[in-house]
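Asks: Just the structure for this:
(one chain, ligands or ions: 1)
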Amino acid sequence: MDTVNKKPNVVIIGAGPGGYTAAIRLGQLGMNPVVIEKEKVGGVCLNWGCIPTKTIYSTTEPLAKLDSWKKRGIEFNQPKISLSDVTKHQSKIANKLTDGVEKLIKSNGGTILYGKAEVTTGPKVIVKRIGKEEITLEPNNLIIASGSIPIELPEFVFSQDGIWDSKTAVMPPETPEKLVILGAGVIGLEMGTIYNRLGSEIKILEMQDSILPTLNLDKRIASYLNRSLKKSGIDIYTSTRAKELQTVEEKKMVIGEKDGKEVSIPADRVLVAVGRRPNLDFIDDQLGLEYNEGFIETDASCLTSIENVYAIGDIAGGPMLAHKASKEALIASSKITGEKITNYKVVPSAVFTDPEYAQVGMSERKARQNGYEPVIGRFPLRASGKAVAMDEATGAIKLVGDKDTDRLLGGSILGPHASDMIAELALSIETELTVTQIAETIHPHPTLSEAIMEAAENVHSRAIHTSNR
Ligand code: FAD
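Replies: Residues are numbered from 1 along each chain as shown. Now for the predicted structure:
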């Protein structure tokens, strides 16, 4: 007997960080949501994205530090890498977390249906279940959280031998001797970092004239990061378009074009990391959703152009990040249950390179474009006692303040634990703190966080441990 409620309060399509967060929150609010998932609870983030990459990043971290330890008096034998154990460990962590999330959805009163959803007018949701009969649901509210899929290049299709997408790269059959990565965005640089540690020779081709083009890095910080990547052995070809893959006598060669000239780069494997596109193949055009550059158009409460139909996460555009998906899940849940919506001002970004990079809010240029008179504070990590003690003093902090109100508008951090430290800047912007308030807050010594305090002092030319030019 099938006990699924055919007219539930809420149906959620997709159990990634958008869908599962909505399911848990709506469950907490007594809505008994039904979540439909065609693959695995946790979505891209837990199974093939954030968590697998960060598990491998942290597993391989010691490999990047061997010279540093040796310099400091501790020498290890040459490490042996068992790739199959690295990936087994990665899968174990992902499974542990997805199991936990599945339990949380259920214990909060949610139901999970495994199968592919199709949406048609009504809205009606037809669920093609795995190993069970099809079922049609007519929910009062629908949340679409179907995420995104990697963009394929016609000259480098994923089914071709030797061409990888990011999913293959977190479950690699082998470590390629020569890995060519197409795209120096977040995923390209993170994968380059991991595989460089594992021993691959890394070449990255980027069509734009800088790394992380969508993040518009501060020039000085970008040059520190470029130098670090180069020093660690990652070669980046900017302003270079990958044109085709040639195979000559079983040897693969990526052919690209830079400044009108052809470049040929030997490759054992090619990882295509040129971006992601919305996953929409299951939505009937008759439904009448409106789109913006291919993504589902939504308002500030995540409501689409159709009453009671919401879209959250990657499918709704904006920065394709897990924490943006889960925040939108909370916003849509509040709207559905009539709670006050707490929207967000900024979405921090983090990139797990060596060293890490993170940013939030406005860049100096953006602040100027938006009519502010930006005031800048900088602090180099070579002046941070903790960073020097850790032998990880490559990097810097840059803060952008508003001259008029002294409020923090944005900031970027290059250095160890940048991805954790950026939360302080995000909180400061959300709560409209001034640069002076950050500077006047005691930050514990010796920690990396003191560098934020010093950068805030530097905005007013009062940093203690660096010259205030
Ligand atoms: P998804 O996580 O994509 O989940 C969508 C779910 O919907 C999937 O499980 C899918 O199977 C299901 N689905 C789709 N269509 C249907 C259907 N018709 N019926 C039923 N189910 C369906 N973000 C970060 O913030 N930090 C990181 O460090 C980070 N690292 C990343 C590394 C990699 C390699 C990749 C690829 C991505 C990374 N991201 C990271 C991005 C992050 O994974 C996404 O932003 C996030 O997963 C989006 O969440 P979502 O809920 O919108 O969609």
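Asks: Could you tell me which residues of this structure lie near the ligand?
Replies: Contact residues (CB under 6 Å from any ligand atom) of the chain with the ligand: 13-19, 36-39, 43-45, 49-50, 53, 116-117, 145-148, 166, 187, 279, 282, 313-315, 320-323, 325. (Each C-beta comes from the backbone N, C-alpha and C, glycine too.)
Asks: Keep only those of those residues that are in strands.
Replies: Under the assignment DSSP state E, those contribute 13, 36, 37, 116, 117, 148 to strands.
Asks: what sits against the nearest residue to the second one once chain neighbours are set aside?
Replies: Going back to what we said before, that points to residue 36. Nearest residue to residue 36, sequence neighbours excluded (CB to CB, 6 or more residues apart in numbering): residue 117, at 4.3 Å. The contact partners of residue 117, by CB atoms under 8 Å, 6 or more residues apart in numbering, come to 11, 13, 36, 38, 125, 126, 127, 128, 282.
Asks: In the stretch 51-200 of the chain, what residue comes closest to the ligand?
Replies: With CB to the nearest ligand atom as the measure, residue 147 is the residue of the stretch 51-200 of the chain nearest to the ligand, at 2.0 Å.
Asks: Just to check, that residue is in contact with residue 314?
Replies: Yes. Shown here, residue 147 and residue 314 form a contact pair, counting by CB atoms under 8 Å, at 4.7 Å.
Asks: more crowded one of these two?
Replies: residue 314 (30 against 25; other CB atoms under 10 Å).
Asks: Mind pulling the model confidence for the more buried one?
Replies: Reading off the confidence values, residue 314 has pLDDT 98.
Asks: unless I'm mixing things up, it is touching residue 144, no?
Replies: No. Under the criterion of CB under 8 Å, residue 314 makes no contact with residue 144, lying 10.7 Å away.
Asks: about what we covered before: would you mind listing which of the contacts of residue 117 are buried?
Replies: 11, 13, 36, 38, 125, 126, 127, 282 (16 or more other CB atoms under 10 Å).
Asks: low-scoring stretches of this structure, by residue?
Replies: Residues of the chain meeting the criterion pLDDT under 70: 1-2.
Asks: where exactly do the strands run in the stretch 151-300 of the chain?
Replies: Along the stretch 151-300 of the chain, the stretches classed as strands by DSSP state E, counting those that start in this stretch are 163-164, 178-182, 201-205, 234-237, 240-248, 251-258, 261-267, 269-272, 276-278, 291-292, 295-296.
Asks: Dump those strands to a markdown table, plus mean neighbour count and distance to residue 346.
Replies: Compiled in a markdown table, the strands of the stretch 151-300 of the chain are given as follows (neighbours: other CB atoms under 10 Å; distance: least, CB to CB, whole Å):
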| stretch | mean neighbour count | distance to residue 346 |
| --- | --- | --- |
| strand 163-164 | 22 | 33 |
| strand 178-182 | 25 | 29 |
| strand 201-205 | 24 | 28 |
| strand 234-237 | 20 | 28 |
| strand 240-248 | 16 | 32 |
| strand 251-258 | 17 | 35 |
| strand 261-267 | 14 | 38 |
| strand 269-272 | 26 | 30 |
| strand 276-278 | 19 | 21 |
| strand 291-292 | 12 | 20 |
| strand 295-296 | 21 | 20 |
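Asks: Name the residues that touch the one helix or strand residue 421 maps to?
Replies: Assessed by DSSP states H and E, residue 421 sits inside helix 418-430. Residues outside helix 418-430 that contact it (CB under 8 Å, 6+ apart) are 344-346, 348, 350-352, 355-361, 395, 399, 408-411, 413, 415, 433, 437-438, 448-449, 452.
Asks: mind redoing it with 7 Å?
Replies: For helix 418-430, the surrounding residues in contact (CB atoms under 7 Å, 6 or more residues apart in numbering) are 345-346, 348, 350, 352, 355-358, 360-361, 408, 411, 413, 438, 448-449, 452.
Asks: In a helix, residue 131, correct?
Replies: No. Read with DSSP: H, G, I helix; E, B strand; the rest coil, residue 131 is coil and lies in no helix.
Asks: Which parts of the stretch 351-469 of the chain are strands?
Replies: Under DSSP E, counting those that start in this stretch, the stretch 351-469 of the chain gives strands at 357-361, 374-380, 396-402, 408-414.
Asks: by contact count, what packs against the shortest one?
Replies: In terms of contacts (3 or more CB pairs under 7 Å, 6 or more residues apart in numbering; DSSP states H and E), strand 357-361 is packed against strand 349-351, strand 408-414, helix 418-430.
Asks: what's the longest helix seen in the chain packed up against?
Replies: The single longest helix within the chain, with elements called by DSSP state H, is helix 83-107. Counting contacts by 3+ CB pairs under 7 Å, 6+ apart, helix 83-107 packs against helix 17-28, helix 43-47, helix 50-60.
Asks: you'd agree residue 352 is up against residue 188?
Replies: No. Applying CB atoms under 7 Å, one finds residue 352 not in contact with residue 188, separated by 12.0 Å.
Asks: quick one, what contacts the most centrally placed residue in the chain?
Replies: Centroid-nearest residue in the chain, with CA atoms, centre = their mean: residue 321, separated by 4.5 Å. Contacts for residue 321 (CB under 7 Å, 6+ apart) come out as 347, 349.
Asks: Mark out where each domain of the protein begins and ends.
Replies: 10-149+277-337, 163-274, 355-459 (automatic domain parsing).
Asks: Could you dump those into a markdown table and include distance to residue 156?
Replies: Shown next, in a markdown table, are the domains of the chain (distance: least, CB to CB, whole Å):
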| stretch | distance to residue 156 |
| --- | --- |
| domain 10-149+277-337 | 15 |
| domain 163-274 | 5 |
| domain 355-459 | 27 |
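Asks: out of the ones you listed, which comes closest to residue 466?
Replies: Closest to residue 466 of the domains of the chain is domain 355-459 (CB to CB; 4.6 Å).
Asks: Which residue does the stretch 251-400 of the chain have closest to the ligand?
Replies: Residue of the stretch 251-400 of the chain nearest the ligand, by CB to the nearest ligand atom: residue 313 (2.2 Å).
Asks: burial count for that residue?
Replies: Look at residue 313: counted by other CB under 10 Å, it has 35 neighbours.
Asks: hang on, it packs against residue 16?
Replies: Yes. Here residue 313 lies in contact with residue 16, judged by CB under 7 Å, at a distance of 6.3 Å.
Asks: what touches both of the two?
Replies: By CB under 7 Å, 6+ apart, the residues touching both residue 313 and residue 16 are 145, 147, 325.
Asks: pretty sure the second one is touching residue 279, no?
Replies: Okay, so that is residue 147. Yes. With contact defined as CB under 7 Å, residue 147 counts as touching residue 279 (5.3 Å).
Asks: quick one: common contacting residues for these two?
Replies: Joint contacts of residue 147 and residue 279 (CB under 7 Å, 6+ apart) are residue 315.
Asks: residues contacting residue 31?
Replies: With CB under 7 Å, 6+ apart, residue 31 has these contacts: 9, 10, 337.
Asks: try it again with 10 Å
Replies: 8-10, 22-23, 25, 108-110, 140-141, 333, 336-337 (CB atoms under 10 Å, 6 or more residues apart in numbering).
Asks: and what of residue 435?
Replies: 375, 377, 399-402, 405-409, 411, 428, 455-460.
Asks: what is the spatially closest residue to it that is not a sequence neighbour paired to in the beta sheet?
Replies: Excluding the flanking residues, the one nearest residue 435 by CB to CB, 6+ apart is residue 401, at 4.2 Å. With DSSP bridges as the criterion, residue 401 is bridged to residue 375, residue 408.
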